[in-house]
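Asks: sharing a model that was predicted from the sequence below.
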Amino acid sequence: LRHGRDPLNFHQTQDVAVIGSGPAGCATAIALRRQGISCVCIIDAADCHGQGVGETLPPDTRGELEELGLWDKFVSDGHEPCLGSCSSWGSDWLGYNDFLFSPYGRGWHLDRHQFNSFLQSSAASLGILLLRAKMVGSTFTHLKDFHLCVKEASGEHSTLNARFVVDATGSRSAFARQMGTKPRFLDRLTFLYGFFDASSSSSSSQLTMLEAVESGWWYAAPVPKRRLVVAFATDPDVVRCDALFREDKWFTSLLRTRHIAARLDGCRLLSRTLSVQVAPSFLLDRVAGPRWLAVGDAAASYDPLSSQGIHKAIATGLKAAKTLAAAIASGTGIDPDYEASIVADFEDFRNNRNYFYKLETRWADSPFWRRRHQRTELQ
């Protein structure tokens, strides 16, 4: 990718400026370029390139990747296959949900850093410009353009003009919040995750694993370099009360699980890899304005239980690109149907999320599960 001031003419008004270079932002930019929108840039604050928490791409994402023209290259990148999942949820025993009968075939355990780099290089190959900078402010002019103030890697401040802006900053919703929007929360999970060396593991399973416990649920999945990521989803008060931010406390709690502890036979915890990540479920009270819209987790963030994060990011990027291309062609603003579709998708997620949490009744009096059974509406 080209960086800095050279590839970007700061005096040229961009048709669309995409803030964020993760899956949602790149998918939006690539889809716009494929629809003939030539002046598209991505503003990348370089804050989305870390190791993901063992993310899995479901088989039906193939359709979106084909629409972006990226399917063949994605397959050649050699991500680890995911054959489905197994879970102890509502029962002490494991149930299985494999991809054997999926018309799209198997899923994938992503190397997230590799996947992000793949999307960015695909964008660059289409002539999409990427600016390594952080957006620090914006104004909407009488000419109905945005002036975006960006701080470049050199520390220099510059102004970029754009007719439309896409917020792809993840659950921070940085630009949308500058536009006065507020998130309406359904849940505020905390994820604590660590990595294991699985090179001597007694299991060769390519399934993700989920196990409900009294104070939350555990997740395990293979990740690149013969490693396994294990995460615990719970409430912030549980983290504080049980001191789960301490590696020894987290590990002791992990060893009390029935199935995931057994999956770790032959694995070794990699020291100092325990991390904490906030995983809220929310919908913005507005996901679009006259000349801007939010995509992916910036518009609506789903419970990780849904395993829809990256698929949703790419799918909303495609929707956003069609909406923006139509607005540019007609000289109008954002079609209200875009927001309606994001709200409808969130409602489907909310109903499914509520259904699955209510399936777990073994600890109905536990604060964690009682909250999930009672907290079913946006607040």
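Replies: In hand now; what should we look at?
Asks: please make it C-alpha for all contacts and neighbour counts, starting now.
Replies: Noted.
Asks: what about residue 354, neighbour count?
Replies: Residue 354: 16 surrounding residues under other CA atoms under 10 Å.
Asks: quick check: chain neighbours aside, which residue is closest to it?
Replies: Nearest non-adjacent residue to residue 354, counting by CA to CA, 6 or more residues apart in numbering: residue 376, 6.2 Å away.
Asks: list the contacts for the one you found?
Replies: Applying CA atoms under 8 Å, 6 or more residues apart in numbering, we find residue 376 in contact with 186, 350, 354.
Asks: quick check: the last one touching residue 374?
Replies: No - in this structure, residue 354 is not within contact of residue 374 by CA atoms under 8 Å, at 9.2 Å.
Asks: what residue ranges in the stretch 1-150 of the chain score low on pLDDT?
Replies: The stretch 1-150 of the chain contains residues with pLDDT under 70 at 1-11, 46-54, 100-104, 142-143.
Asks: hmm, try it at 90
Replies: 1-13, 38, 44-58, 60, 78-83, 97-106, 109-114, 132-145 (pLDDT under 90).
Asks: which stretches in it count as helices?
Replies: Using DSSP state H, counting those that start in this stretch, the helices of the stretch 1-150 of the chain run over 23-34, 62-67, 71-76, 112-125.
Asks: gap between the two ends of stretch 242-251?
Replies: For stretch 242-251, the first-to-last residue distance is 12 Å (CA to CA, to the nearest Å).
Asks: contacts for that stretch?
Replies: 192, 238, 239, 272, 274, 275, 276.
Asks: okay, now the second one: neighbour count?
Replies: It stands for residue 238. Neighbours of residue 238 under the rule other CA under 10 Å: 15.
Asks: ok, now the last one?
Replies: The burial count assigned to residue 276 is 16, neighbours taken as other CA under 10 Å.
Asks: wait, doesn't residue 29 sit right on residue 42?
Replies: Yes - counting by CA under 8 Å, residue 29 touches residue 42, with 7.4 Å between them.
Asks: for those two, indicate the residue with more neighbours.
Replies: Neighbour tally, residue 29 and residue 42, criterion other CA under 10 Å: the higher count belongs to residue 29, 32 against 27.
Asks: from residue 374, how far off is the more buried one?
Replies: Remark: distance between residue 29 and residue 374 (CA to CA) = 40 Å.
Asks: cool, residue 273 as well?
Replies: 34 Å.
Asks: who has more neighbours out of the two?
Replies: Taking neighbours as other CA under 10 Å, residue 273 and residue 374 compare with residue 273 leading, 13 against 10.
Asks: beta partners of the residue nearest to the more buried one when sequence neighbours are not counted?
Replies: Using CA to CA, 6+ apart and skipping the chain neighbours, the partner closest in space to residue 273 is residue 194 (5.2 Å). Here residue 194 sits in beta bridges with residue 230, going by DSSP bridges.
Asks: pull the contacting residues for residue 194.
Replies: 229, 230, 231, 269, 270, 273, 274, 275.
Asks: from these, list just the buried residues.
Replies: With neighbours counted by 16 or more other CA atoms under 10 Å, these contain buried members at 229, 230, 231, 269, 274.
Asks: shared neighbours of residue 29 and residue 42, which are they?
Replies: Residues touching both residue 29 and residue 42 (CA under 8 Å, 6+ apart): 18, 128.
Asks: strands along the stretch 151-300 of the chain, start to end?
Replies: Ranges of strands in the stretch 151-300 of the chain, per DSSP state E, counting those that start in this stretch, are 157-167, 183-197, 208-213, 216-223, 227-234, 268-269, 275-284, 288-289, 292-294, 300-301.
Asks: JSON lines for these, including distance to residue 312 and mean pLDDT?
Replies: Putting the strands of the stretch 151-300 of the chain into JSON lines (distance: least, CA to CA, whole Å; pLDDT from 0 to 100) gives the following:
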{"stretch": "strand 157-167", "distance to residue 312": "15", "mean pLDDT": "93"}
{"stretch": "strand 183-197", "distance to residue 312": "18", "mean pLDDT": "96"}
{"stretch": "strand 208-213", "distance to residue 312": "19", "mean pLDDT": "96"}
{"stretch": "strand 216-223", "distance to residue 312": "20", "mean pLDDT": "94"}
{"stretch": "strand 227-234", "distance to residue 312": "20", "mean pLDDT": "95"}
{"stretch": "strand 268-269", "distance to residue 312": "31", "mean pLDDT": "96"}
{"stretch": "strand 275-284", "distance to residue 312": "13", "mean pLDDT": "95"}
{"stretch": "strand 288-289", "distance to residue 312": "17", "mean pLDDT": "96"}
{"stretch": "strand 292-294", "distance to residue 312": "13", "mean pLDDT": "97"}
{"stretch": "strand 300-301", "distance to residue 312": "9", "mean pLDDT": "97"}
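Asks: dump these to a markdown table, plus distance to residue 174.
Replies: Shown next, in a markdown table, are the strands of the stretch 151-300 of the chain (distance: least, CA to CA, whole Å):
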| stretch | distance to residue 174 |
| --- | --- |
| strand 157-167 | 7 |
| strand 183-197 | 11 |
| strand 208-213 | 32 |
| strand 216-223 | 29 |
| strand 227-234 | 25 |
| strand 268-269 | 35 |
| strand 275-284 | 12 |
| strand 288-289 | 13 |
| strand 292-294 | 10 |
| strand 300-301 | 13 |
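Asks: state the distance from residue 245 to residue 194.
Replies: Residue 245 sits 11 Å away from residue 194, going by CA to CA.
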